[in-house]
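Q: following is a predicted model, sequence given first.
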Amino acid sequence: MKTRKVLVTGSEGFIGKHLCRQLLEFGINVVASSDKAKNKLDVTDINQLRSIDNGVEAVVHLAAKTSVSDAINNPYHPYYTNLLGTLNVLEFSRLRKIRKFINMSSYVYGQPKYLPVDEKHPVNPHSPYHKSKLLAEQLCENYSCDFGIDIVTLRPFLLYGPFGNPHMFLPTIIQQICEHAKVFLSGKHTSRDFLFITDFVDLIRIILNEFPKGYNLYNVGHGESHELEEVALLVARLLGKEITINYDNQIRPGDVTKMIANISKVSNSFRWNPRISIQEGLRIIIEKSSRS
């Protein structure tokens with residue numbers, strides 16, 4: 001690996017745990033920064049970032065407030081953390097002359113005007129959380145332009161995998177099936193582009209080794225879409241359960257009914273393609289959850 005020491009913010013989050021494990025397996029020295037870390041490093045406090053040892057060659061910025069519902073009820077926290085945190089980590093990188101920076105964004109397109117969604121699709125962030133991530137992207141682009149930092153922004157569509165947040169879609173579905181044999185879905189034909197977490201962290205590792213110059217933005221998904229009903233039925237089959245599915249069918253402001261990522265740009269740039277199918281990914285999750 002060309003990059004030997006990486007600062008990972010949000011290292012105790014869903015992506016961070018999987019990423020740090022893989023980087024360590026490839027012999028990369030990981031500097032962790034997380035609210036849950038034993039030696040707490042808060043990205044909203046730049047003085048704490050300045051206390052990090054020298055020698056960091058790249059930053060993967062994952063730390064963020066990510067709950068969409070919390071952001072709608074209390075928008076101050078996602079704007080504060082996601083903007084100030086990003087600004088501080090960018091400034092830390094500028095001061096330390098770190099030239100490789102990966103910024104974790106989100107799906108910011110709203111209801112698609114066409115499918116699959118490429119990077120040229122108009123943005124239409126549909127919550128304070130998504131708006132905060134788009135503003136953070138603009139900060140990254142400005143720092144790249146003004147200070148010569150090579151920055152990659154990734155827009156993952158829907159990541160899933162073992163040990164996800166209990167409030168994420170799949171852990172919620174698995175819990176509903178195991179406890180009640182009933183599943184509640186937002187709509188009968190709602191679909192998402194599911195990307196397994198190990199495929200995603202593989203991509204991050206590849207980018208760290210083949211970092212592009214300047215500011216670059218990539219959509220990241222599997223490149224195919226699955227209806228939530230289909231996924232729920234797959235989970236039930238793997239668990240050996242018969243289930244009943246109930247639908248909310250309420251249309252809310254900003255609801256997105258279908259997502260498919262056009263991954264040609266990221267695939268061509270890094271010779272990367274997802275390897276884990278939705279069936280295989282669900283099997284892995286259920287196997288690991290049954291052991292825990």
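A: Here it is on my side, so go on.
Q: does Q111 touch M259 like I think?
A: No - counting by CB atoms under 8 Å, Q111 does not reach M259; the two are 9.7 Å apart. All C-beta atoms are positioned from the backbone trio N, CA, C, and that covers glycine.
Q: of the two, give the one with the bigger neighbour count.
A: Neighbour comparison, Q111 and M259: the larger count goes to M259, with 22 against 12 (by other CB atoms under 10 Å).
Q: and the residue nearest to the more buried one when sequence neighbours are not counted, what does it touch?
A: With sequence-adjacent residues excluded and distances taken as CB to CB, 6 or more residues apart in numbering, M259 is closest to D193, at 4.8 Å. Applying CB atoms under 8 Å, 6 or more residues apart in numbering, one finds that D193 lies in contact with F157, L158, G221, H222, G223, E224, S225, H226, M259, I260, A261.
Q: for those residues, which one is nearest N268?
A: The shortest approach to N268 among the contacts of D193 belongs to G223, at 12.5 Å (CB to CB).
Q: secondary structure element holding the closest one?
A: Secondary structure assignment for G223, by DSSP states H and E: no helix or strand.
Q: contacts only, for it.
A: Neighbouring residues of G223 by CB under 8 Å, 6+ apart: P116, D193, I260, A261, N262, I263, P274.
Q: swap in 7 Å and give it another go.
A: The neighbours of G223, taking CB atoms under 7 Å, 6 or more residues apart in numbering as the test, are P116, A261, I263.
Q: on that earlier part again, just the contacts of D193: which are in strands?
A: For the contacts of D193, the ones inside strands are L158, H226, with DSSP state E as the criterion.
Q: where does the stretch 151-292 of the chain have low pLDDT?
A: For the stretch 151-292 of the chain, residues meeting the criterion pLDDT under 70 lie at 249-254, 291-292.
Q: now the top helix by length along the chain, how far from the centre of its chain.
A: Here the longest helix in the chain is taken by residue count, with DSSP state H as the criterion, and it is helix 128-147. Distance, stretch centre to chain centre, for helix 128-147: 16 Å (CA atoms, centre = their mean, to the nearest Å).
Q: quick one: average confidence on it?
A: Here helix 128-147 scores 97 as its mean pLDDT.
Q: show me which positions of that helix end up buried.
A: Across helix 128-147, burial judged by 16 or more other CB atoms under 10 Å covers 128-134, 136-137, 139-141, 143-144.
Q: for these, give me CSV that also has distance to V8.
A: CSV is the format used below for those (distance: CB to CB, whole Å):
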residue, distance to V8
P128, 25
Y129, 21
H130, 23
K131, 25
S132, 20
K133, 18
L134, 22
A136, 17
E137, 19
L139, 19
C140, 16
E141, 22
Y143, 19
S144, 20
